[in-house]
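In: Need a 3D model of the following:
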Amino acid sequence: MPKLTIDGQEIEVEPGTVIIQACEQLGIEIPRFCYHERLAIAGNCRMCLVEVSPGPPKPQASCALPCADNMVVKTNSPMVKKAREGVMEFLLINHPLDCPICDQGGECDLQDQALFYGQGKSRYREMKRAVEDKYMGPVIKTQMTRCIHCTRCIRFAEDIAGVPELGAFGRGEHMEVGTYVEKAITSELSGNLVDICPVGALTSRPYAFVARPWDLKKTESIDVMDAVGSAIRIDSRGEAVLRILPRINEDINEEWISDKTRHACDGLRVQRLDRPYIRNAEGKLVEATWPEAFALIAEWMKRLQPEEMAALAGDLACAESVMALRDLLDGLGVVSRDCRIDGAHLDAANRAHYLFNTTIAGIEQADMCLLIGANPRREAAMVNARIRKAWRHGLKVYHIGAETDLTYPYETLGNDPGLLGDIAGGRHELSKILTAAKKPMLILGSGALARPDGEEIFAAARAIADKCGLVKDGWNGFNVLHHGAARAGALDLGFVPAEGGKPMGKIFDGCRREEIKLVYLLGADEFDMERLANAFVIYQGHHGDAGAHWADVVLPGAAYTEKDATYVNLEGRVQQTKRAVFPPGQAKEDWAIIRALSDALGKPLPYDNLAQLRARMVKLAPHFANVDEVIPAAWPAMPEHGGQFRISDAPFEEFISNFYMTDPISRASKTMAECTKEILGQGMRKVA
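Out: Coordinates of the predicted model:
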């Protein structure tokens, strides 16, 4: 291992480490614009110059120079200082003085480094060049005259996003960065280009001229737009959430987030439920007080038998509200309930059967991956980014399902679900490949589990895991890819039919036959509401979406930015949101609504605050005490299957037809509507 001296400090580093990385290990700050630890090295900006001996008598780029034995590096010598001042002077030659009106102001690397490493004056008197702005889509605003040609955006699009639509054309002073043919960037990760741009060339179009960084209250939280649970920072002012930025979490999202996570927040301001509503005799929803709404619900519930009532929990419901609703239903004797509102056939009795057991970070250890009816690019964008990262380091990907662009090459085995039986029975070549792999994994998507034969498909996937050695000491390669943030937590808390209860499909059948006369929807919107046509519907949620339009009573709840709440991500990690703003109007936290309703029903729940409710959750599912930890689930033994799976010949279909609109918040978002029109309209995928 190379041993060198940096500013008088000796350090031993791994082979291949470049000088800038060695300096970071010692806590020495090196200025940079083009270098980024997650991108390929370019060596464009020359801002990271250091003095190295033995070597040529000139400063060298520390981002592109590997460490060597007996190397002596100086990062603050007069030569280095003069070189950095010269580089900064050249960078500022054509850079416009836009700081007062630039959205990057206050968060700009160029501002900071010009202050600390610049000369403070310019000797350039000639006319400055100007560059025409480029159109890059609904989420990116460009001011290309500010561009310093660091090429971070090009390398991100190529390496991380897997959508090589950006490039540089022209040479020298005439070089420009753009999309060649003017069009929107068709990546669901394009908003990250704004974060990595070190100047104000790429800024957020929805956030343009909205606020300055020092105006904002910053709250660390998690995202619930999908089941990944990306670490985010919510920036708010007053009662409004103005933007969402990523936080670094190496185990989940690294430092990236999807465009839906970042930009759907404008949907939090519109179409909100801010007071209770009751449907009157004329069939119209009219405003009501909380006591009036509770009295009507109590009147219905008290005159019905427990078997005539049911409840469904949606994909944005927090674990606290699910726990409170389950306890309320138990107190009333109601056994028909479900959280699998897409109809997915999931085994709630065994935790390992519904989790992403490999974990998101564990994908990088896998050497072979089989996707079954899954499109991770649409269902969990950050999982897909991690698969692409693993592919760049040698992961081999196989796919059974509808062909689509996943941003990395894969070997398609066709779209015949019957292949699963052949693989499980050892009659397919892939069986040998899986068995020979050191750390194989399979990913079972919602498009496979939500089919009528989803139970058989699950059984075949489980048989593949057992027969091909996907589960072994220290490794579990069996994974279910959830798309809803609430799903894993609701399954952990047992929000599935109790003994004698009906699952979702039979609840709908019961409504049609008028056997079920009341349905409680906890933020459940993602199904055809006409299936509840004959039932009295109570909807509790935060947006006037499908459930609220159909309901007889509407109870206004709080969105994820407006409450301290618990969610469990797809890998089983318990996470908590933090309140950034307060709910609008008379809206309240969801668990508190259910607690107040229990009093009106004469069945008060045994907790009065959040701490007591969370203690109840821990009692039912002890892993809720381990926040931000993944507690591996035990792999259950299964009886030997005969090998004959009753799987339909119907091909797998795309489960999510529109990545940008998958829940009430994103459907209310103007930015997501523009992305749907601009990006999906360019043929990235067909909208069902």
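
In: How many neighbouring residues does residue 487 have?
Out: Residue 487 is flanked by 29 other residues according to other C-beta atoms under 10 Å. Bear in mind the C-beta positions are built from the backbone N, C-alpha and C, glycine included.

In: correction: residue 401
Out: For residue 401, using other C-beta under 10 Å, the count is 24.

In: Please verify my assumption that residue 158 contacts residue 164.
Out: Yes. Counting by C-beta atoms under 8 Å, residue 158 does reach residue 164; the two are 4.7 Å apart.

In: give the contact list for residue 610.
Out: 320, 564, 591 (C-beta atoms under 8 Å, 6 or more residues apart in numbering).

In: Report the separation between it and residue 318.
Out: 11 Å (C-beta to C-beta, to the nearest Å).

In: which neighbours do those two share?
Out: Shared contacts of residue 610 and residue 318, counting by C-beta under 8 Å, 6+ apart, come down to residue 591.

In: Return the set of buried residues in the helix-or-strand element of the chain with minimal mean pLDDT.
Out: Ranking every helix and strand in the chain by mean pLDDT, DSSP states H and E puts helix 446-449 at the bottom, with a mean of 91. Within helix 446-449, the residues that count as buried by 16 or more other C-beta atoms under 10 Å are 446-449.

In: about what we covered before: filter the contacts of residue 610 to the buried ones?
Out: Buried, going by 16+ other C-beta under 10 Å: 320, 591, out of those.

In: Among the contacts of residue 610, name the ones in helices.
Out: Under the assignment DSSP state H, the contacts of residue 610 contribute 320, 591 to helices.

In: Nearest to residue 146, out of the contacts of residue 610: which one, please.
Out: residue 564 (39.8 Å; C-beta to C-beta).

In: Residue 158 and residue 164 - which one has more neighbours?
Out: Taking other C-beta under 10 Å, residue 158 and residue 164 do not tie; residue 158 has more neighbours (17 against 12).

In: gap between the two ends of stretch 409-425?
Out: For stretch 409-425, the first-to-last residue distance is 27 Å (C-alpha to C-alpha, to the nearest Å).

In: for the record, mean pLDDT for that stretch?
Out: For stretch 409-425, the mean pLDDT works out to 94.

In: in that stretch, what's buried?
Out: 410, 413, 415, 417, 419-425.

In: low-confidence ranges in the stretch 251-400 of the chain?
Out: Applying pLDDT under 70 to the stretch 251-400 of the chain picks out no residues at all.

In: Would you map the strands across it?
Out: All strands of the stretch 251-400 of the chain, identified by DSSP state E, counting those that start in this stretch, fall at 277-279, 285-287, 309-313, 336-338, 368-372, 396-400.

In: Can you add mean neighbour count and give those back as JSON lines?
Out: As requested, the strands of the stretch 251-400 of the chain are exported to JSON lines (neighbours: other C-beta atoms under 10 Å):
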{"stretch": "strand 277-279", "mean neighbour count": "19"}
{"stretch": "strand 285-287", "mean neighbour count": "13"}
{"stretch": "strand 309-313", "mean neighbour count": "28"}
{"stretch": "strand 336-338", "mean neighbour count": "26"}
{"stretch": "strand 368-372", "mean neighbour count": "26"}
{"stretch": "strand 396-400", "mean neighbour count": "21"}
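
In: circling back to that earlier point, and the buried residues of stretch 409-425, which of them are in helices?
Out: Counting by DSSP H, these contribute 419-424 to helices.

In: Specify which member of the residues you listed is nearest to residue 51.
Out: Looking across those and measuring by C-beta to C-beta, the closest to residue 51 is residue 423, at 59.1 Å.

In: Tell me the spacing between that closest one and residue 416.
Out: In terms of C-beta to C-beta, residue 423 sits 11 Å off from residue 416.

In: And residue 597, by the same measure?
Out: From residue 597 to residue 416 the distance is 49 Å (C-beta to C-beta).

In: Residue 540: which of the strands of the stretch 251-400 of the chain is closest?
Out: Nearest of the strands of the stretch 251-400 of the chain to residue 540, taken as C-beta to C-beta: strand 309-313 at 10.0 Å.

In: Adjacent strands (with direction) for the closest one?
Out: Sheet partners assigned to strand 309-313 using DSSP bridges are listed as strand 336-338 (parallel), strand 518-522 (parallel).

In: CSV for those strands, including distance to residue 475?
Out: Putting these into CSV (distance: least, C-beta to C-beta, whole Å) gives the following:
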stretch, distance to residue 475
strand 336-338, 32
strand 518-522, 36
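
In: Would you map the strands across the stretch 501-650 of the chain?
Out: 518-522, 536-541, 553-556, 565-568, 574-577.

In: how about these, which one is nearest residue 27?
Out: Closest among the strands of the stretch 501-650 of the chain, using C-beta to C-beta: strand 574-577, at 30.3 Å.

In: so how far is that closest one off the chain centroid?
Out: 14 Å (C-alpha atoms, centre = their mean, to the nearest Å).

In: can you list contacts of that strand?
Out: Contacts of strand 574-577 (C-beta under 8 Å, 6+ apart): 221-222, 224, 229, 318, 489, 560-561, 563-569, 623-624, 626-629.

In: next one: stretch 91-103
Out: Stretch 91-103 has contacts (C-beta under 8 Å, 6+ apart) with 33, 45, 47, 105, 108, 110-111, 114, 118, 122, 124, 128-129, 141, 143, 145-146, 148, 199-200, 203-204, 207-209.

In: In strands only, show me those residues.
Out: Per DSSP state E, strands hold the following members of the contacts of stretch 91-103: 141, 203-204.

In: Would you write a PyMOL line that selects the buried entries of the residues you listed?
Out: Buried residues among the ones in strands among the contacts of stretch 91-103 (16+ other C-beta under 10 Å), as a PyMOL selection:
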select buried, resi 141+203+204
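
In: Could you dump the ones in strands among the contacts of stretch 91-103 into a markdown table and include pLDDT?
Out: Formatted as a markdown table, the ones in strands among the contacts of stretch 91-103 follow (pLDDT from 0 to 100):
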| residue | pLDDT |
| --- | --- |
| 141 | 96 |
| 203 | 97 |
| 204 | 97 |
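
In: and the ones in strands among the contacts of stretch 91-103 as CSV, adding distance to residue 255?
Out: Putting the ones in strands among the contacts of stretch 91-103 into CSV (distance: C-beta to C-beta, whole Å) gives the following:
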residue, distance to residue 255
141, 21
203, 18
204, 16
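
In: ok, of the ones in strands among the contacts of stretch 91-103, which one's closest to residue 282?
Out: residue 204 (44.9 Å).

In: So the closest one is in contact with residue 142, correct?
Out: No. Residue 204 is beyond contact range of residue 142, at 11.2 Å (criterion: C-beta under 8 Å).

In: any low-confidence regions in this structure?
Out: Answering for the chain: the residues below the bar, that is pLDDT under 70, span 640-643, 682-688.

In: would you turn the ones in helices among the buried residues of stretch 409-425 into CSV with distance to residue 470?
Out: Putting these into CSV (distance: C-beta to C-beta, whole Å) gives the following:
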residue, distance to residue 470
419, 16
420, 13
421, 16
422, 16
423, 11
424, 11
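
In: quick one: which of those is nearest residue 8?
Out: residue 423 (60.2 Å).

In: so that closest one sits right up against residue 465, yeah?
Out: No. Residue 423 is not in contact with residue 465 according to C-beta under 8 Å; the separation is 10.7 Å.

In: Might you report the residue contacts of the nearest residue to residue 330 once chain neighbours are set aside?
Out: Computed as C-beta to C-beta, 6 or more residues apart in numbering, the closest residue to residue 330 that is not its neighbour in sequence is residue 498, at 7.7 Å. Taking C-beta under 8 Å, 6+ apart, we find residue 498 in contact with 330, 335, 337.

In: Residue 373 too?
Out: Counting by C-beta under 8 Å, 6+ apart, residue 373 has contacts 400-401, 417, 444-449, 451, 457, 652, 655.
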